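Asks: curious how this folds, go ahead:
(2 chains)
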Amino acid sequence: AQKVTQAQTEISVVEKEDVTLDCVYETRDTTYYLFWYKQPPSGELVFLIRRNSFDEQNEISGRYSWNFQKSTSSFNFTITASQVVDSAVYFCALWGFMNTGFQKLVFGTGTRLLVSP
Amino acid sequence: GAGVSQSPRYKVAKRGQDVALRCDPISGHVSLFWYQQALGQGPEFLTYFQNEAQLDKSGLPSDRFFAERPEGSVSTLKIQRTQQEDSAVYLCASSAAPASGLYEQYFGPGTRLTVT
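Replies: Next up is the predicted model:
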C-alpha cells in the first residue's frame, strides 16, 4: 500500500528562520514520484516540485530546497529565511500504484506552517 | 491563461438534498481528477477521467456519489441524499496528459460543502 506520513501537524517560526518540513513515504513500487504542494488560505493547491524515484539529487529553487533520501524513504522540504507569505499548509504526496491497479496521487495529512513577523 | 475553476465556491445543503458541483478544467487538458478534503486532512482521490471516459472511480465513498464529464471538458460531481459526513472541500484538478506521475496536476480552489 502507498502511504505518506507528515508527522508535524503545525510549525510556528519567526520570519527569517529556516524551517524543515518532514515527509516519510511507503511504497513497494520501484518507480514512483514524489510531490510537494502548498495550500494557502485561498484553498488552491499550488505545485512546488516533482521528483522521480531514480533521481536522488537534492534540488534548490530560490529559498526552497528538497532532500530526497531513498534509504530512509524521506523527502524533506526546507525553507530558508522564511517569510510571512510562506504561511500555508504544505502537503507531500506520492504517485504510485494502488491495490486497484491504477495509479493515483496519495497525500499526507499536511503540515501547517505559521510564519510570524 | 485561465486556471481550473470550480463552482459554487461554497454550498450549504440540508441533509437529504442533492448537490451538483462543477469543475472547469484548463482548456485542452485530457485528465480530470476529483478529490475530497476533510477538515485538517490531505486531499483524497475520488475519481479520474481521461477525456470523457471515467477510468477510475475507486475512491467514490458510496453509490450516492456520481461524476460525469460527457464532452471531455467540464465535469460535474453529484452527491445524492447528502449526509453530514459528506461535509468537506471538493477539489478538482486537471492535467495535460493521461494520468502519470510525469505530469503535474493543476488544482482548482475547491467547493466547500457543508451539510446541516
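
Asks: any idea which residue sits dead centre in the chain?
Replies: Picked chain A for this. Of all residues in chain A, the one closest to the mean position by CA atoms, centre = their mean is residue A:92, 3.2 Å from it.

Asks: look at chain B instead
Replies: For chain B, the residue nearest the mean C-alpha position is residue B:34 (3.1 Å; CA atoms, centre = their mean).

Asks: wait, a strand at the residue nearest to the centre of chain A?
Replies: Yes - counting by DSSP: H, G, I helix; E, B strand; the rest coil, residue A:92 is found in a strand.

Asks: returning to what we had before: wait, doesn't the residue nearest to the centre of chain B sit right on residue B:23?
Replies: Yes - using CB atoms under 8 Å, residue B:34 is in contact with residue B:23, at 7.3 Å. (C-beta placed from N, C-alpha, C; glycine too.)

Asks: just give me the neighbour total for residue A:105.
Replies: The tally of other residues near residue A:105 (other CB atoms under 10 Å in any protein chain shown) stands at 26.

Asks: ok, what's across the strand from it?
Replies: On the basis of DSSP bridges, residue A:105 is bridged to residue A:95.

Asks: if we can go back for a sec, verify the contact between the residue nearest to the centre of chain A and residue A:36 for me.
Replies: Yes - Residue A:92 lies in contact with residue A:36 (CB under 8 Å); the separation is 5.7 Å.

Asks: that older thread, what touches both of residue B:34 and residue B:23?
Replies: The contact sets of residue B:34 and residue B:23 overlap at B:75, B:77, B:92 (CB atoms under 8 Å, 6 or more residues apart in numbering or on different chains).

Asks: which of the helices or strands spans residue 77?
Replies: You didn't say which chain, so I picked chain A. Element membership for residue A:77, per DSSP states H and E: strand A:74-79.

Asks: actually chain B
Replies: Assigned by DSSP H and E, residue B:77 falls in strand B:75-79.

Asks: tell me the helix or strand right after that strand.
Replies: Following strand B:75-79 in sequence, per DSSP H and E, is strand B:88-95.

Asks: beyond that following strand, next helix or strand please.
Replies: Counting by DSSP H and E, what follows strand B:88-95 is strand B:106-107.

Asks: other SSEs contacting the helix or strand following that following strand?
Replies: Next along the chain after strand B:106-107, taking DSSP H and E as the criterion, comes strand B:111-115. Counting contacts by 3 or more CB pairs under 8 Å, 6 or more residues apart in numbering or on different chains; DSSP states H and E, strand B:111-115 packs against strand B:10-13, strand B:19-24, strand B:88-95.

Asks: quick check: angle from strand B:111-115 to strand B:75-79?
Replies: 10 degrees (axes from the mean of the first three to the mean of the last three CA atoms, to 10 degrees).

Asks: confidence score at the residue nearest to the centre of chain B?
Replies: Residue B:34 is assigned 97 on the pLDDT scale.

Asks: what's opposite it in the beta bridge?
Replies: Under the criterion used (DSSP bridges), residue B:34 bridges to residue B:47, residue B:92.

Asks: who touches it in this structure?
Replies: B:23, B:45, B:46, B:47, B:48, B:67, B:75, B:77, B:90, B:91, B:92.

Asks: and for residue A:21, the neighbour number?
Replies: 22.

Asks: now residue B:31
Replies: Using other CB under 10 Å, residue B:31 has 20 neighbouring residues.

Asks: which residue packs closest to it, ignoring adjacent ones?
Replies: Leaving aside its chain neighbours, residue B:31 sits nearest to residue B:95 (4.0 Å; criterion: CB to CB, 6 or more residues apart in numbering or on different chains).

Asks: next: residue B:93.
Replies: residue B:105 (4.0 Å).
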